[in-house]
Structure formats: structure tokens, C-alpha cells
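Chemist: Show me the folded form of this:
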Amino acid sequence: MKKSRLYTPGPTPVPPQATLAMAQPIDYHRGEAASAVVRRCADALKTVFQTSSEVAILTSSGTGAMEAAVVNLLSAGDKVVVVESGKFGERWGEIADAYALDVVRIAVEWGESVGPAAVERELNRHADVRAVFATLCETSTGALHDIRALGELARCADALLVVDAVSALGADEMRMDEWAVDALVSCSQKGLMTPPGLAFLALGPRAVEASSSAALPKFYFDYGKYMANLAKDTTPYTPAISLLYGLDVALDSMMGEGIDAIYARHARIGRATREGVKATGLSMFPRVPANTLTSVRLPDTLDGKALLRDLRATHGMVFAGGQAHLAGRIVRIAHLGWMDDYDALVAVAALERGLAGMGYPVAIGSAVQAAQVALAT
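Modeler: Numbering: from 1, shown residues only. Okay, here's the model as predicted:
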């Protein structure tokens, strides 16, 4: 028997109690019980987002929440700054292009984090910027961005800061209100430990004000409709009610652990994984790695795609590979959501064996020892 273990940055493992909740008989999504679930989820999401604002619950992927942020805040021709540091930073630009926005792109080398000075320079150069789009953790590279610094810059320039926390919410520290983030988006299948299908959008007071004059076309993603319905503990359109059952249980677990404890756990697991990887002789791909996932740079002598295939077929370990030009060049090991210290040990142990099977010179046990030391200290 071979057990499969999921270490991708979405979807992530779902706790058994959440899976059981989703397996219960389906209920009417307009009934009192469903409304109670919607309200509990909405309240808990405010804690996870670290905001006093309501959080809209969408039935969509995380990209739907990204598009919802764009259409609810802007009008055609508005000028925006987009930080493009990987596949998902580029997605902000692609959505902006689709809605005929005037896009100022800040191209950041994949694996690097944007320097606040680069954003400040563009804000000084373009006084009419309406919004800055950034990413907390660039999932395609594992790089972490300094959102707190960007929030200060955007507020000084009277621009909205819109942040993609799709992968990192509930893993890397994210404090929406304290860090002056005006709009924050995420989804269910990453740090929130629920299958794909739900997305979330929170707008702060400045963003809500901007939404009143935003003229981009919208129907399904109309934020005003979601807020009007959330006031009645429901959604404007049919929600993925079974997923909400699971989300309710997953969020309850998060509330029991506490958001600061969750940040600390991910920081501990991330550090242990990184130390284990370094012990194999490999290095990190991002300069400033997130705790959401560990991206490992592979030497040219290793076929990354073959390594991933072997890890899955031989060891039951499902890691993620690189995207676009990084395909075969990096391995991404996620450690977000329903993960604990021992998941880090399993991940680096499997990486050792996979590398050895590919003929890479690694001392078996070295990665596990380094990870154990990191966890113990």
C-alpha cells in the first residue's frame, strides 16, 4: 500500500472533520441553517483577514475574486500600477488589460520581491494612479512581498492597495486594516483547508467609497449585491453550500488555534523545510521566501519534471513544479493549511530519497536532521 500525500500550494489537505461536514446531506441554501453557516463563516473570515470589514463569499476560484476587485473599484481608462513578479502578479495585469485600464507595469524578476522604492517611483511619476495591485506571496516562485510598506506608499499617494493573498492567507502574516490594505482577495483551497470553489473579497472603507463610482461592467461580481445579501446572512446567487459546511468547520478550527499561533506554526514549518532543503546542497529559489511554500532551485543536471514524477509514483509525494519558464527548474513544496511539524519532516525525507534516486549526491538523513534541529530550536 502506498499513501499519497499532498504538498501543492493549492489544493491543500482538508481536515477529516471538514470532509465529513461536506458529506452530510445537502440542505436548502436559503434555509435558516444555511444562513447560520454563512454568518459564522463571514465572521470568522474577518478574523482571518484581520479586518473589521465584511468579507464577500463568492462561488468561484480565486481568480474570480481578483476580477471582482478590479470591476468593483475602477472605471475604463483608470491608471493602475501592477507589480508583476510571477505568474499571478501578471494575472493582475491581464485582468486590468481585459477591462481597458491604463496599466503601469513594474516588472520584477521571478524569485525576487518588489522593492518599495520601485513602487514609490512609479507613484511619483504618475500622480493619477487609482490603484496598486500586488501579491502577498507569489505562488509561482514562493517570494514574499512587503505589503505593509506598499500600504504606506499607496495611502500617501491616495491610491488604493489591492492585494492577492490567494495562497498566503492563513499562512504568512497578513493584517488588512493595520497594513492599510484597501482590498484583499483569497480563496478556499489553500490556507483555509477547504476544496476549490469558494473565493473571498474584503473592501476597506476607502475601497467601498471608490466602489460607489466604479463604472466597469459587472453583474455576478457586483460587491454591492453581496453586501446587501450578507446583511441578511445569505448570498445573492446560489452558493456552494456543501463547501460552506466544510469551510465552517475549517474556520472553527482556525479560530480555536488563534491567528497568531497559525502564523507561528507556518513560520516554524517553513523554516524547518528550508533548513532541510539546504542540507541536501540545494538552495532556495526566492530571495525572500514565504512561509506558504518552499521553492527549491534545481541544478541543471537534474530533470525537475522527472523528479516530480518519481516522487509521486514511487513515494506518493505530490509536490508542485515550476510554471512557465521555470518548468523543470524548481520544485515547490507547500506547507500551508492542515500541516504540522511532522509534515515538514516527511517532505524533506521524501525529497532526499527522490534526489538519491535521480543520482544526485545527498547524504540520506541529513535533511531530516537539519529539519529536526530547526523544529527543536
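
Chemist: Please count neighbours and contacts with C-alpha atoms only from this point.
Modeler: Noted.

Chemist: Run through who's touching the helix ranked longest in the chain.
Modeler: Taking DSSP state H as the assignment, the helix of the chain that covers the most residues is helix 259-279. If you take Cα atoms under 8 Å, 6 or more residues apart in numbering as the criterion, helix 259-279 is touched by 47-48, 170-173, 254, 283-284, 290-294, 296, 335-336, 340-341, 344-345, 347-348, 366-375.

Chemist: same check, this time on stretch 32-49
Modeler: 27-29, 52-57, 169-170, 174-176, 184, 202, 230, 232-234, 241, 244-245, 247-248, 251-252, 255, 259.

Chemist: Just give me the neighbour total for residue 89.
Modeler: Close neighbours of residue 89, defined as other Cα atoms under 10 Å, add up to 26.

Chemist: which residues does it contact?
Modeler: Per Cα under 8 Å, 6+ apart, neighbours of residue 89: 82, 83, 133, 134, 135, 138.

Chemist: So which of those residues are in strands?
Modeler: 82, 83, 133, 134, 135, 138 (DSSP state E).

Chemist: Distance check, the fourth one against residue 102.
Modeler: The spacing between residue 134 and residue 102, counted by Cα to Cα, to the nearest Å, is 16 Å.

Chemist: contacting residues around residue 333?
Modeler: 7, 8, 9, 293, 294, 295, 296, 319, 320, 347.

Chemist: Skipping adjacent residues, who's closest to the third one in space?
Modeler: What it means is residue 9. residue 334 (5.0 Å; Cα to Cα, 6 or more residues apart in numbering).

Chemist: Next one: that neighbour from residue 275, what distance?
Modeler: Residue 334 is 15 Å from residue 275, by Cα to Cα.

Chemist: for residue 193, same thing?
Modeler: 25 Å.

Chemist: for residue 35, same thing?
Modeler: For residue 35, the distance to residue 275 - Cα to Cα - is 45 Å.

Chemist: Mind checking which of those two has more residues around it?
Modeler: residue 275 (23 against 18).

Chemist: Would you list the phi and psi of residue 342?
Modeler: Main-chain torsions, residue 342, degrees, to the nearest 10: phi -70, psi -20.

Chemist: List the contacts of it.
Modeler: No contacts exist for residue 342 under Cα under 8 Å, 6+ apart.

Chemist: so residue 64 makes contact with residue 201?
Modeler: No - taking contacts as Cα atoms under 8 Å, residue 64 lies outside contact range of residue 201: 9.5 Å.

Chemist: Spit out the residues that contact the two alike.
Modeler: residue 58.

Chemist: Now stretch 363-374: buried residues?
Modeler: 365, 366, 367, 368, 369, 370, 371, 372, 374 (16 or more other Cα atoms under 10 Å).

Chemist: Could you dump the residues you listed into TSV and include distance to residue 324 and secondary structure?
Modeler: Listed next are the buried residues of stretch 363-374 as TSV, based on distance: Cα to Cα, whole Å; DSSP: H, G, I helix; E, B strand; the rest coil:
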residue	distance to residue 324	secondary structure
365	33	coil
366	31	helix
367	28	helix
368	31	helix
369	33	helix
370	31	helix
371	30	helix
372	34	helix
374	32	helix
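
Chemist: Closest one of those to residue 189?
Modeler: Ranked by distance to residue 189 (Cα to Cα), the buried residues of stretch 363-374 are led by residue 371 at 26.3 Å.

Chemist: wait, the closest one sits on residue 343?
Modeler: No - checked against Cα under 8 Å, the pair residue 371 and residue 343 is beyond contact range at 10.7 Å.

Chemist: got CSV for the contacts of residue 89, with pLDDT too?
Modeler: CSV is the format used below for those (pLDDT from 0 to 100):
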residue, pLDDT
82, 98
83, 98
133, 98
134, 98
135, 98
138, 98
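
Chemist: got a markdown table for these, with distance to residue 97 and neighbour count too?
Modeler: What follows is those, written out as a markdown table (distance: Cα to Cα, whole Å; neighbours: other Cα atoms under 10 Å):
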| residue | distance to residue 97 | neighbour count |
| --- | --- | --- |
| 82 | 11 | 25 |
| 83 | 14 | 25 |
| 133 | 13 | 25 |
| 134 | 16 | 27 |
| 135 | 18 | 31 |
| 138 | 20 | 31 |
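
Chemist: Distance to residue 19 for those - can I get that in TSV?
Modeler: Listed next are the contacts of residue 89 as TSV, based on distance: Cα to Cα, whole Å:
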residue	distance to residue 19
82	37
83	36
133	34
134	33
135	29
138	28
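
Chemist: centroid residue for this structure?
Modeler: residue 167 (1.3 Å; Cα atoms, centre = their mean).

Chemist: Just the helices from the chain, written as ranges.
Modeler: Using DSSP H, helices in the chain cover 16-22, 32-49, 62-73, 87-98, 116-125, 147-156, 205-211, 223-230, 241-257, 259-279, 304-315, 341-357, 366-376.

Chemist: so of the ones you listed, which one's packed in deepest?
Modeler: Among those, ranked by average contacts under mean count of other Cα atoms under 10 Å, first place goes to helix 62-73 (a mean of 24).

Chemist: so how far is it off the chain centroid?
Modeler: 15 Å (Cα atoms, centre = their mean, to the nearest Å).

Chemist: tell me the angle of it relative to helix 223-230?
Modeler: Orientation note: helix 62-73 sits at an angle of 110 degrees relative to helix 223-230 (axes from the mean of the first three to the mean of the last three Cα atoms, to 10 degrees).

Chemist: Going by contacts, tell me the helices and strands next to helix 62-73.
Modeler: Helices and strands touching helix 62-73, by 3 or more Cα pairs under 8 Å, 6 or more residues apart in numbering; DSSP states H and E, are helix 87-98, strand 183-187, strand 199-203, helix 205-211.
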